[in-house]
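Asks: Provided below are the primary sequence and the corresponding predicted coordinates.
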Number of protein chains: 2
Amino acid sequence: MSKSLEFLTEALRRLPGVGPKSAQRMAFHLLQHDREGAAMLSRALGQAVEAVQHCVLCNTFTEEEVCDTCNDERRDRRLLCVVETPADQLMIEQTLTYKGLYFVLMGRLSPLDGIGPKDIHLEKLVARANDGVVGEVVLATNFTNEGEATAHYISEMLKARGLRVSRLARGVPVGGELEYVDAGTIARAMLDRRAT
Amino acid sequence: MSKSLEFLTEALRRLPGVGPKSAQRMAFHLLQHDREGAAMLSRALGQAVEAVQHCVLCNTFTEEEVCDTCNDERRDRRLLCVVETPADQLMIEQTLTYKGLYFVLMGRLSPLDGIGPKDIHLEKLVARANDGVVGEVVLATNFTNEGEATAHYISEMLKARGLRVSRLARGVPVGGELEYVDAGTIARAMLDRRAT
Ligand SMILES: [Zn+2]
Ligand SMILES: [Zn+2]
């Protein structure tokens, strides 16, 4: 097999969930049927690696220093919703029930995988929540074991600093991941959020 | 979501078998945990699109005009084995039972998908098989309906031009795809190949 093709197959395996057979299949498909797609993906990856950084306020992916959401003047700056991922934030946005700001952990506490408080940027969250404007922090981590543990940890940490902390109501199915829950359920859970 | 991230998610969907959710997951994973992998994949794609072409003799992917296999002086130039994909060729090579050359169709006849004789380079195959040196063409397309139909079509076409044509013995399970069959079975089928 040609060197470029071997390198491409190897590189495709860096994608999550892609094994050796799928990588080979993808490489053949792109070269045989979609070179335009391959060139587009090459540019998109290069551009994303180059341009995408983390919002200094909410920690989500953005090309600016501060993301569009954090810059939005119409949002209620007294509310800060903590989510695990940008996908979770999108889901909450789609419910149209929340008008505050966000903090994106980019993960969850997971001692078994060696993911501790530093890996999910909790110092940055504490600084953000203590800006003197935020009056309530809404915890919207997943309702999995790890998400619940993360919520509990953050809740204790922020309450010790005198902040009011709430948690999405358990309208979200136990064990469920926000990304796969319908917007209606999340909307209800947002309205029913309770102090922790 | 940032523009670069949207573009990347869209581009990842060009990969076969990748839907919107997986594309988003892949994009987040690369940006959050493996920017080195993203940069590597970007380079690999760019390089492959730039460098990989088709061997003028056997039609497989290569960076040269003629691929290493076709250039290999130790191979028996009287035998030409026809396969659907480079992956199938690799499988046959692994059996160590075949010392001839190859022709890679890069597909199979599939009228329902609009894939006809031109799409699988049959004119190039005819010219290749008629070089005056090839004495036997071994058909090693898959034993699926489409692979069998392709073998039948090629067989009739080459026999009409006075060439000897054989087919891998049906040691390969009916309905099976070469790529997923063990090397021992393919080896037996190669030894038992029969004239068509
Ligand atoms: Zn932000
Ligand atoms: Zn070749």
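Replies: Now that the structure is in, tell me what you want to look at. Numbers count the residues shown, from 1 in each chain, chains lettered A, B, ... in the order given. Ligands and ions are numbered 1, 2, ... in the order given.

Asks: please make it C-alpha for all contacts and neighbour counts, starting now.
Replies: Will do.

Asks: which helix in chain A runs the most residues?
Replies: Assignment by DSSP state H gives helix A:35-51 as the longest helix of chain A.

Asks: ok, the next helix-or-strand element following that one near ligand 1 or not?
Replies: Later in the chain than helix A:35-51, the nearest helix or strand by DSSP states H and E is strand A:53-54. No. Judged by CA under 5 Å from the ion, strand A:53-54 makes no contact with ligand 1; its nearest approach is 7.9 Å.

Asks: strand A:53-54 pairs with which strands, and in what direction?
Replies: Using DSSP bridges, strand A:53-54 pairs in its sheet with strand A:61-62 (antiparallel).

Asks: how about residues contacting the strand it pairs with?
Replies: A:V52, A:Q53, A:H54, A:C55, A:C67, A:P86, B:M1, B:S2, B:L5 (CA atoms under 8 Å, 6 or more residues apart in numbering or on different chains).

Asks: can you give the distance from that strand to the centre of its chain?
Replies: Taking CA atoms, centre = their mean, to the nearest Å, one finds strand A:61-62 lying 10 Å from the centre of the chain it belongs to.

Asks: now that strand: mean pLDDT?
Replies: Strand A:61-62 carries an average pLDDT of 95.

Asks: with just CA atoms, put the top strand by length along chain A into PDB.
Replies: In chain A, taking DSSP state E as the definition, the longest strand is strand A:76-83. Output of strand A:76-83 as PDB, limited to C-alpha atoms (Å, rounded to 0.1, in the frame of the first residue of the first chain):
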ATOM      1  CA  ASP A  76     -29.200  37.600  32.600                       C
ATOM      2  CA  ARG A  77     -25.800  37.800  34.100                       C
ATOM      3  CA  ARG A  78     -27.000  36.800  37.500                       C
ATOM      4  CA  LEU A  79     -27.500  33.200  36.300                       C
ATOM      5  CA  LEU A  80     -24.600  30.900  35.500                       C
ATOM      6  CA  CYS A  81     -25.400  27.400  34.200                       C
ATOM      7  CA  VAL A  82     -22.600  24.800  34.500                       C
ATOM      8  CA  VAL A  83     -22.600  22.100  31.700                       C
END
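
Asks: what lies in contact with that strand?
Replies: Under the criterion CA under 8 Å, 6+ apart, residues A:89, A:99-105, A:129, A:133-142 lie in contact with strand A:76-83.

Asks: nearest spatial neighbour of the spatially most central residue of chain A, chain-adjacent residues omitted?
Replies: With distances taken as CA atoms, centre = their mean, A:T85 lies nearest the centre of chain A, 1.0 Å away. In space, A:T85 comes closest to A:M106 once its chain neighbours are excluded; the distance is 5.0 Å by CA to CA, 6 or more residues apart in numbering or on different chains.

Asks: got a list of what the one you found touches?
Replies: A:M106 is in contact with A:N59, A:T60, A:E84, A:T85, A:P86, A:I120, B:Q32, counting by CA under 8 Å, 6+ apart.

Asks: need the contact list for the residue of chain A at minimum distance from chain B.
Replies: Nearest to chain B in chain A, going by CA to the nearest CA, is A:S42, at a distance of 4.1 Å. By CA under 8 Å, 6+ apart, A:S42 lies in contact with B:L41, B:S42, B:R43, B:A44, B:L45, B:G46.

Asks: sorry, back to before: pull out the buried members of the contacts of A:M106.
Replies: Among these, those classed as buried by 16 or more other CA atoms under 10 Å in any protein chain shown are A:N59, A:T60, A:E84, A:T85, A:P86, A:I120.
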